[in-house]
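Asker: following is a predicted model, sequence given first.
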Amino acid sequence: MAYDWDRVRPPRSLAEFEQKWLRRHDPACLSGVWRFHELLPFVPLSQVVTIGEGQTLCQESPGVGKYTGLEGGQLYLQYEGLNPSGSFKDNGMAAAFTHARAVGASRAACASTGNTSASLALYCAVTKLMKGVIFIGSGKISYGKLSQALDYGALTVQIAGDFDDAMARVKDVSKELGIYLVNSVNPFRLEGQKTIMFRVLEALRWNPPDWIVVPGGNLGNSSAFGKAFSELKDLGLIPFIPRLAVINAAGANTLFELYQRRGLRWNGGNADLPAVCRYYDELDRDHRRADTIASAIEINRPVNLNKCLRALETCDGVVREVSEQEILDAKAQVGAGGFGCEPASAASVAGARQLIAEGVIGRNDRVVCILTGHQLKDPTATVAYHTTDQAQFNQILGSRGVKRAAFANRAIAVNNDLDEIIKAIQLYS
Ligand SMILES: *Cc1c(COP(=O)(O)O)cnc(C)c1O
């Protein structure tokens, strides 16, 4: 989606957006998405839908910074889990929902590993503008996310299969029934997700960081970030474009394999897409399915692959893969440093750590890791990590190759006896 900036009149400086804070009584100014309406002007401001998304924090975290190996530099965490449905998906949903209403849709659908469906269900429940239909795979969705979709009242269709299967089906069904599709194939989602970068810049007093590090699933975020920076640079609103690092889980590493190992590139819009098809055929032939504890990025056929290649070009990007162990250790460190996140989000911190060890990210750089989802989205992984119950650990994490919980905070078991409890507290505190 390209704008005719001469016609829509962008701001002359990013600092102009700060004026909106004075008008927080107006929902469109309160929204962390629509506060930046001038940079995503695909409908008039009077037509936007908001439920108060984008009230998120960007905070420096010395503890996590130290863990990643930054020395003089600064590590910031962008907490997108603070959105109304608990993940960054609300940024995109506000925009897609706005477009869906503008075209008169009465039903909206998505396939989801959990957070897109939670977000769609919430927008339907709050606004009553549309009926939500969500497609999920069987078994893999976390209870935190499933409970949201059910509680908010969306029509939930559970398909025997995984996310990639559900995604293929939802496309057929939407076409057949004329239902509006809000997956991140929807370009308006990406317009909304650009605002995550605008808020990062705002928190950094409009000075771009050296690096943005983000987990990669369907690659909507990374694509949106690249577009945001490319537009801001073209408009002369930022002095330089930060570098982008997209982090796959090793168990769902299509982008890493294609970009980093096989050299796939944007190539001026002529990426070697037949090579992508050949790779997908290999996956099928070898019966390889995406598999990671980071369920939000458990995706082998990312729908925004081509757009992400463009973002990697725009931002001089790199791609890495991280193990289950690295993800969970990083997640524990994020939790110990503050608000916490779900497993997929911690891939960003694990990836930053890897890139700093390699010397790709400098020890004095300013780095922003995007924490995509709230800690309470997936308590199963967290509790299994901290548990003293070896059987539980083995069943949930050991089966995925996780050997140790390096940063476990174990509950201490005591008898229901006052003396014993007092002794235990004195011993451990
Ligand atoms: C959707 C999601 C991702 C993946 O983002 P993409 O834009 O699909 O790459 C990562 N983390 C969480 C928590 C998510 O919900």
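Answerer: That came through fine.
Asker: beta partners for residue 159?
Answerer: residue 137 (DSSP bridges).
Asker: what's the separation between the most centrally placed residue in the chain and the ligand?
Answerer: Centroid check for the chain by C-alpha atoms, centre = their mean gives residue 372 as the closest residue, at 3.7 Å. For residue 372, the distance to the ligand equals 3 Å [C-beta to the nearest ligand atom, to the nearest Å]. Any C-beta I mention is one placed from the backbone N, CA and C, and that applies to glycine too.
Asker: ok, residue 325 next?
Answerer: Distance of residue 325 to the ligand, given as C-beta to the nearest ligand atom: 18 Å.
Asker: which helix or strand contains that residue?
Answerer: Taking DSSP states H and E as the definition, one finds residue 325 inside helix 324-337.
Asker: ok, residues contacting the worst-scoring helix or strand of the chain on mean pLDDT?
Answerer: When the helices and strands of the chain are compared on mean pLDDT, DSSP states H and E, helix 5-8 comes out lowest with a mean of 86. Counting by C-beta atoms under 8 Å, 6 or more residues apart in numbering, the neighbours of helix 5-8 from elsewhere in the structure are 38, 41, 234-235.
Asker: if you rank the residues you listed by neighbours, which is first?
Answerer: Tallying neighbours with other C-beta atoms under 10 Å puts residue 41 at the head of the contacts of helix 5-8, with 17 neighbours.
Asker: ok, the closest residue to it other than its chain neighbours - how many residues close by?
Answerer: Once its chain neighbours are removed from consideration, residue 41 has its nearest residue in residue 8; the separation is 4.5 Å (C-beta to C-beta, 6 or more residues apart in numbering). The number of residues packed near residue 8 is 13, by other C-beta under 10 Å.
Asker: go on, the one 3 residues further on?
Answerer: Here the count is done by other C-beta under 10 Å, and residue 11 has 14 residues near it.
Asker: quick check: closest non-adjacent residue to it.
Answerer: Beyond its immediate neighbours in the sequence, the residue positioned closest to residue 11 (C-beta to C-beta, 6+ apart) is residue 38, lying 5.3 Å away.
Asker: same check, this time on residue 410
Answerer: Spatial nearest neighbour of residue 410, excluding adjacent residues (C-beta to C-beta, 6+ apart): residue 388 at 5.1 Å.
Asker: inside strands: which ones of the contacts of helix 5-8?
Answerer: Judged by DSSP state E, the subset of these located in strands is empty.
Asker: I'd say residue 23 and residue 29 touch.
Answerer: Yes: counting by C-beta atoms under 8 Å, residue 29 is a contact partner of residue 23 at 4.3 Å.
Asker: what segments of the stretch 1-150 of the chain are helices?
Answerer: Under the criterion DSSP state H, counting those that start in this stretch, helices of the stretch 1-150 of the chain are mapped to 5-8, 27-30, 62-68, 89-102, 115-127, 143-152.
Asker: ranges for the strands of the chain?
Answerer: In chain order, the chain shows strands spanning 57-60, 74-79, 107-112, 131-137, 155-159, 180-181, 211-215, 243-249, 318-322, 366-371, with DSSP E as the criterion.
Asker: direction included, what does the third one pair against?
Answerer: Same thing as strand 107-112. By DSSP bridges, strand 107-112 pairs with strand 131-137 (parallel), strand 180-181 (parallel).
Asker: where does the stretch 251-400 of the chain have low pLDDT?
Answerer: Applying pLDDT under 70 to the predicted model, the stretch 251-400 of the chain contains no residue that meets it.
Asker: got the residues of it near the ligand?
Answerer: Among all residues of the stretch 251-400 of the chain, those adjacent to the ligand (criterion: C-beta under 6 Å from any ligand atom) are 296-297, 342, 344-345, 372-373.
Asker: again, 8 Å this time
Answerer: Within the stretch 251-400 of the chain, the residues that sit near the ligand (C-beta under 8 Å from any ligand atom) are 294, 296-297, 299, 302, 304, 341-342, 344-345, 347, 372-373, 377.
Asker: pick the one among those closest to residue 3.
Answerer: Minimum distance to residue 3 across those is 19.3 Å, recorded for residue 304 (C-beta to C-beta).
Asker: close enough to count as contact, that closest one and residue 220?
Answerer: Yes: judged on C-beta under 8 Å, residue 304 makes contact with residue 220 at a distance of 5.2 Å.
Asker: right, I'll leave it there.
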